[in-house]
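> sequence? don't have it. structure:
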């Protein structure tokens with residue numbers, strides 16, 4: 001125990017671990033604030049990551065400054081209580097991405113049927129993702145020595161390291177496949193929107209259908225920036241951390257090793273924050289579109305709304321031509 005406390009003291013004295021911790025605290029706090037603005041229920045995995053990472057970093061910072069020599073040393077089960085949910089979130093990020101892609105694919109290929117779908121389908125999809133994330137996390141940690149102490153609270157331990165590496169490698173391939181689906185959806189959506197606007201006529205114009213198609217166009221258009229963010233930041237995290245863990249096989253928790261791992265986790269904190277910004281932008285744009293839809297249902301004569309939207313699309317076609 002004395003050696004563990006000494007290692008923890010060495011980690012706490014390392015300058016760069018505090019810089020990384022400050023970055024994590026900043027981005028997780030901002031993410032939580034944005035999560036409250038756009039409704040936490042829409043981004044549960046993002047919020048889970050932010051809250052747990054914020055708790056871990058604040059705990060270490062407080063104990064290093066105000067606690068005793070071993071105050072920041074946790075038993076394995078105590079550490080996993082606040083760290084294991086971050087792995088659940090990391091797995092959830094990838095499957096969230098898949099659900100977004102499936103949702104947009106249904107809205108693109110079957111817009112009228114999609115509008116009639118019941119919320120139970122979404123609930124079942126989310127429940128399936130949670131079962132996979134929780135089950136995979138349990139498989140990763142189930143045989144850890146829960147009474148052992150480590151110099152620093154981190155997900156990786158000697159027993160769970162290889163499994164964590166396998167999870168990350170699987171996620172890399174998984175996310176690349178979903179990214180291809182995102183790119184195909186964006187290309188198809190743009191082509192369909194152009195054809196729809198060029199072939200528009202009063203006899204074929206349906207107000208409700210056009211609003212639904214417009215909503216789908218907005219969300220599909222913003223799905224691709226999210227996919228790019230997911231690929232450049234989150235996928236970069238998966239690739240770099242997999243390479244680092246493959247090369248670094250020494251189980252010793254040196255200050256440099258801990259700082260490197262936490263620095264890589266900072267990429268995820270930045271990813272979550274940027275994802276919230278994109279979600280907020282989509283939320284604002286969709287809110288404006290749905291205000292039009294609500295307004296059109298509250299008036300007796302829909303002719304004004306009908307011709308306003310029809311005229312707007314005709315003007316868009318004129319610009320294209």
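Here it is on my side, so go on. Since the model is a prediction, treat every value here as computed from it, not as a measurement.
> show me where pLDDT drops low in the stretch 51-200 of the chain?
The stretch 51-200 of the chain contains residues with pLDDT under 70 at 111-112, 158, 189-190, 192-200.
> Repeat the analysis, applying 80 as the threshold.
Scanning the stretch 51-200 of the chain for pLDDT under 80 picks out 68-69, 100, 103-104, 106-119, 121-122, 156-159, 182-183, 185-200.
> Please enumerate the helices of it.
Under the criterion DSSP state H, counting those that start in this stretch, the stretch 51-200 of the chain contains helices at 76-109, 111-116, 119-141, 161-198.
> deepest of these, which one?
For those, the largest average neighbour count (mean count of other CB atoms under 10 Å) is found in helix 76-109, namely a mean of 20. C-beta: built from backbone N, CA, C; applies to glycine.
> helices and strands around it, which ones?
Helix 76-109 is packed against helix 44-66, helix 111-116, helix 119-141, helix 161-198, helix 207-229, helix 255-298, with contacts defined by 3 or more CB pairs under 8 Å, 6 or more residues apart in numbering; DSSP states H and E.
> Distance to residue 244 added to those helices, as JSON lines?
What follows is those, written out as JSON lines (distance: least, CB to CB, whole Å):
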{"stretch": "helix 44-66", "distance to residue 244": "19"}
{"stretch": "helix 111-116", "distance to residue 244": "42"}
{"stretch": "helix 119-141", "distance to residue 244": "18"}
{"stretch": "helix 161-198", "distance to residue 244": "10"}
{"stretch": "helix 207-229", "distance to residue 244": "22"}
{"stretch": "helix 255-298", "distance to residue 244": "7"}
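> Next, work out how far apart residue 13 and residue 143 are.
33 Å (CB to CB, to the nearest Å).
> for residue 167, that is, sorry about that
Distance from residue 167 to residue 143, by CB to CB: 16 Å.
> Same check on residue 170?
20 Å.
> any idea how far residue 80 is from the closest residue to residue 77 other than its chain neighbours?
Leaving aside its chain neighbours, residue 77 sits nearest to residue 146 (4.1 Å; criterion: CB to CB, 6 or more residues apart in numbering). Separation of residue 146 from residue 80 (CB to CB): 8 Å.
> Also residue 69?
23 Å.
> Equivalent analysis for residue 95, please.
Taken as CB to CB, the span from residue 95 to residue 80 is 21 Å.
> thought the residue nearest to residue 77 was touching residue 76?
Yes - counting by CB atoms under 8 Å, residue 146 touches residue 76, with 4.9 Å between them.
> Can you name the residues that contact the residue minimising distance to the centre of the chain?
What sits nearest the mean C-alpha location of the chain, by CA atoms, centre = their mean, is residue 93, with 4.4 Å. Residues near residue 93 by CB atoms under 8 Å, 6 or more residues apart in numbering: 45-46, 49, 230, 234, 271.
> and these as JSON lines, adding neighbour count and distance to residue 8?
Conversion of the contacts of residue 93 to JSON lines gives the following (neighbours: other CB atoms under 10 Å; distance: CB to CB, whole Å):
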{"residue": "45", "neighbour count": "23", "distance to residue 8": "30"}
{"residue": "46", "neighbour count": "26", "distance to residue 8": "30"}
{"residue": "49", "neighbour count": "26", "distance to residue 8": "24"}
{"residue": "230", "neighbour count": "25", "distance to residue 8": "35"}
{"residue": "234", "neighbour count": "23", "distance to residue 8": "30"}
{"residue": "271", "neighbour count": "23", "distance to residue 8": "28"}
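> so which of the helices and strands packed on helix 76-109 gets nearest residue 238?
Nearest to residue 238 among the helices and strands packed on helix 76-109 is helix 161-198; the distance by CB to CB comes to 5.0 Å.
> What helices and strands are in contact with the closest one?
helix 76-109, helix 119-141, helix 207-229, helix 236-247, helix 303-320.
> what angle do it and helix 119-141 make?
For helix 161-198 against helix 119-141, the angle by axes from the mean of the first three to the mean of the last three CA atoms, to 10 degrees is 160 degrees.
> how far away is the residue nearest to the centre of the chain from residue 130?
Distance, residue 93 to residue 130, by CB to CB: 13 Å.
> got it, and residue 182?
23 Å.
> can you check residue 157 too?
Distance from residue 157 to residue 130, by CB to CB: 24 Å.
> can you check residue 252 too?
35 Å.
> likewise residue 153?
24 Å.
> just residue 232 next, same as before
Counting by CB to CB, the gap from residue 232 to residue 130 is 26 Å.
> just residue 270 next, same as before
Residue 270 is 25 Å from residue 130, by CB to CB.
> got it, and residue 124?
Taken as CB to CB, the span from residue 124 to residue 130 is 11 Å.
> Okay, residue 82 and residue 61: tell me how far apart.
In terms of CB to CB, residue 82 sits 14 Å off from residue 61.
> wait, residue 239
29 Å.
> again, but for residue 94
30 Å.
> Could you say which helix or strand holds the residue nearest to residue 263 when sequence neighbours are not counted?
Among residues not flanking residue 263 along the chain, residue 20 sits closest, at 5.0 Å (CB to CB, 6+ apart). In this assignment (DSSP states H and E), residue 20 forms part of helix 15-37.
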